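# Dropping the sequence and predicted coords here.
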Amino acid sequence: MANTRPGVVVTGLTVGALAVVGLLAFQANGAETRAIAAKPSASTSAGTGAGTGTTTAPAAGAAPTPPPLPATSGTGRRVVYSLGSNSVWLVDPRKTPPVQAAFKVTPGTAEPSPGNYSVYSRTASTTGTDGVQIEHVVRFSQQSGTVFGFSAAVNGGTVTPSASPSATADAGRLKTGGIRSSRTDGQTLWDFAPTGTKVVVIP
């Protein structure tokens, strides 16, 4: 029987053990790689569920955003109304930010002349010239028999105020100066603009 040296046996066992460890490590690494490949990424899974995409589109029918406050809009605490963009800004230089609110409005069939005015009359609730129930009426000017003021329709509509459908032919040609906003914006303007508040109308 041949003699086997202890060093050779130890070396053989060491090589064998290293081979087994290497094989197990390779198998474990392969299993982990397969598990990662099978698992969907966060961006992929976010796009598979209803309403769970990574990009949120603007809500349909969202209110348009008014432009920034024009530089030539007067000074002091004021309501600024732009004829060109049909926008209103509520400005208080003592507050941060100075523009407390900004929103779009729908004018009537007549426009006030650009200039400085002040709120002279307010009515919590009444009926508009188009027969629609309105609220938060803030009047600031009368020109050629037409009263100009801000208001909101109780039914939530913001269509251009017109003469009442039941009006006579002559009255049907009456110009209307109602400037309609949403009910939320109408409440905000009502709270901001008591009698005497400056109103600046710009082109």
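Perfect, I can see it now. Residues are numbered from 1 along each chain as shown.
# Surely residue 157 is in contact with residue 132?
Yes. Judged on C-beta atoms under 8 Å, residue 157 makes contact with residue 132 at a distance of 6.9 Å. Placement of C-beta: from N, CA and C, glycine included.
# of the two, who's got more company?
Under the criterion of other C-beta atoms under 10 Å, the comparison of residue 157 against residue 132 puts residue 132 first, with 18 against 15.
# where does the residue nearest to that one when sequence neighbours are not counted fall, phi/psi-wise?
Distances taken as C-beta to C-beta, 6 or more residues apart in numbering place residue 153 nearest to residue 132, at 5.1 Å, with adjacent residues excluded. Main-chain dihedrals, residue 153, degrees, to the nearest 10: phi -80, psi 130.
# burial count for residue 153?
For residue 153, the tally of surrounding residues (other C-beta under 10 Å) stands at 22.
# Show me what the lengthiest strand in the chain is in contact with.
Secondary structure of the chain per DSSP state E: the longest strand is strand 133-143. Contacts of strand 133-143 with the rest of the structure, by C-beta atoms under 8 Å, 6 or more residues apart in numbering, involve 79, 110, 112-113, 117-128, 147-155, 177-178, 180, 183, 186-187, 189-190, 193, 199, 201.
# The residue nearest to residue 132: what's it in contact with?
Contacts of residue 153 by C-beta under 8 Å, 6+ apart are 128, 132, 133, 134, 159, 180, 183.
# Where does pLDDT dip in the chain?
Low-confidence segments of the chain (pLDDT under 70): 1-63, 158-174.
# can we see that at 90?
Within the chain, the segments meeting pLDDT under 90 span 1-66, 128-131, 156-175.
# tell me the domain boundaries of this protein?
Domains of the chain are assigned by automatic domain parsing as 6-41, 78-202.
# Could you figure out how far the strand or helix carrying residue 81 is turned away from strand 133-143?
Counting by DSSP states H and E, the element that carries residue 81 is strand 78-82. Angle of strand 78-82 versus strand 133-143, following axes from the mean of the first three to the mean of the last three C-alpha atoms, to 10 degrees, is 90 degrees.
# so what does the next helix or strand after strand 78-82 touch, helix or strand wise?
Remark: after strand 78-82, the chain's next helix or strand is strand 87-91, criterion DSSP H and E. Judged by 3 or more C-beta pairs under 8 Å, 6 or more residues apart in numbering; DSSP states H and E, the packing partners of strand 87-91 are strand 78-82, strand 99-104, helix 183-192.
# then strand 87-91 to CSV, C-alphas only?
C-alpha atoms of strand 87-91 as CSV (Å, rounded to 0.1, in the frame of the first residue of the first chain):
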residue,chain,number,x,y,z
SER,A,87,-58.1,88.7,-14.8
VAL,A,88,-58.4,90.0,-11.3
TRP,A,89,-55.7,90.4,-8.7
LEU,A,90,-56.2,91.2,-5.0
VAL,A,91,-53.1,93.2,-3.9
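# so where do the strands sit in this protein?
Taking DSSP E, the strands of the chain run over residues 78-82, 87-91, 99-104, 115-118, 121-127, 133-143, 146-153, 177-181, 198-202.
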